[in-house]
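A.B. asks: All I have is the shape, not the residue letters:
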């Protein structure tokens, strides 16, 4: 399961609207090699599912993950922290044994 916090769901809805995405658009989260800790997160809006994709819905927002990325992020919660000291989107990944300081890469 992949979870989206209420704050992250609200921000995703706002971003979709700002970018002119329709209701069929969903958030695709992928894990790629790279970053200072070995693996990095990639997020983008998408409209087309791929073979093997897993779809989760939380607080009215859909998130889609490919099978390879699922191995690294199963159980993750996507959160959003705004304000003056906010970090933006934050990946709370229980599978990560090490995170970089900026929170955009990790290792297992």
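C.D. replies: Good, I have the coordinates. Treat the numbers as computed from the prediction; the structure is a model and nothing was measured.
A.B. asks: ok, which stretches of the protein are strands?
C.D. replies: For the chain, the strands defined by DSSP state E cover 3-4, 26-33, 39-46, 54-58, 61-65, 77-81, 88-92, 98-99, 105-107.
A.B. asks: out of the ones you listed, nearest to residue 12?
C.D. replies: strand 61-65 (4.9 Å; C-beta to C-beta). Bear in mind the C-beta positions are built from the backbone N, C-alpha and C, glycine included.
A.B. asks: tell me what the closest one is packed against?
C.D. replies: Contacts defined by 3 or more C-beta pairs under 8 Å, 6 or more residues apart in numbering; DSSP states H and E place strand 61-65 against helix 6-18, strand 26-33, strand 54-58.
A.B. asks: Format those as JSON lines; extra columns: mean pLDDT, mean neighbour count and distance to residue 43.
C.D. replies: Listed next are these as JSON lines, based on pLDDT from 0 to 100; neighbours: other C-beta atoms under 10 Å; distance: least, C-beta to C-beta, whole Å:
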{"stretch": "helix 6-18", "mean pLDDT": "95", "mean neighbour count": "16", "distance to residue 43": "9"}
{"stretch": "strand 26-33", "mean pLDDT": "91", "mean neighbour count": "19", "distance to residue 43": "5"}
{"stretch": "strand 54-58", "mean pLDDT": "94", "mean neighbour count": "14", "distance to residue 43": "14"}
